[in-house]
Structures are given as C-alpha cells and as structure tokens.
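Colleague: can't give you the sequence, but here's the structure:
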C-alpha cells in the first residue's frame, strides 16, 4: 500500500501541493538515486525549450544471477508452448533471438 501511495503522490498529488506551486518544473530523484558526474547542460532549460513536460532516465543493469539464460529459456518456452513457426525477436542483445 505504501508504494502505491508514493506513486500516486509523485504522479498526481505533488502538483497541487502548496510547496511546489511557485515552480514550473520539478526534478525528483529517488532516495537511492545519484548522479555519476556533473550534468553538462541545463536539464530544466532543455525541457522548457523543447516543450517537454516529463522526462526520465533509467540506467541500470540487472544482476546476472537473475538474468543469465533467461532469454534462451523464455524463447524456448514461447516456441514450445505457443508457436508453430520460428519466433523472431529483433534488438535483444544487439540481434535476433
């Protein structure tokens, strides 16, 4: 329930909160977020200039303990369970699966 409330607050409720009424843009970072280096441009200025209302950046790698072999397993399952022909997934790992 807590996560659901947090998501609702940051996607809906925060915009009507009195503390943010004076701002046109808000940059929110999770408590476990961090910047690797200096940001080389004005993020808010770039958003404003291009007419953007929302932006995000996701940069992570899954732990190989949980992902090694997952694509092969999934493709084999799909082929055996649902397909009579060849399954083609483009762009996974730089090629077809």
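Modeller: Here it is on my side, so go on. Predicted model only: the values in this text are computed from it and were never measured.
Colleague: check the secondary structure at residue 19 for me.
Modeller: helix (DSSP: H, G, I helix; E, B strand; the rest coil).
Colleague: please name the nearest non-neighbouring residue to residue 28.
Modeller: Residue nearest to residue 28 in three dimensions, not counting chain neighbours: residue 10, with 6.2 Å by CB to CB, 6 or more residues apart in numbering. Glycine gets a C-beta too; all of them are placed from N, C-alpha and C.
Colleague: please disregard the earlier target; I meant residue 26.
Modeller: With sequence-adjacent residues excluded and distances taken as CB to CB, 6+ apart, residue 26 is closest to residue 20, at 5.8 Å.
Colleague: burial check on that neighbour, number of neighbours?
Modeller: Close neighbours of residue 20, defined as other CB atoms under 10 Å, add up to 12.
Colleague: what about it, distance to residue 8?
Modeller: 16 Å (CB to CB, to the nearest Å).
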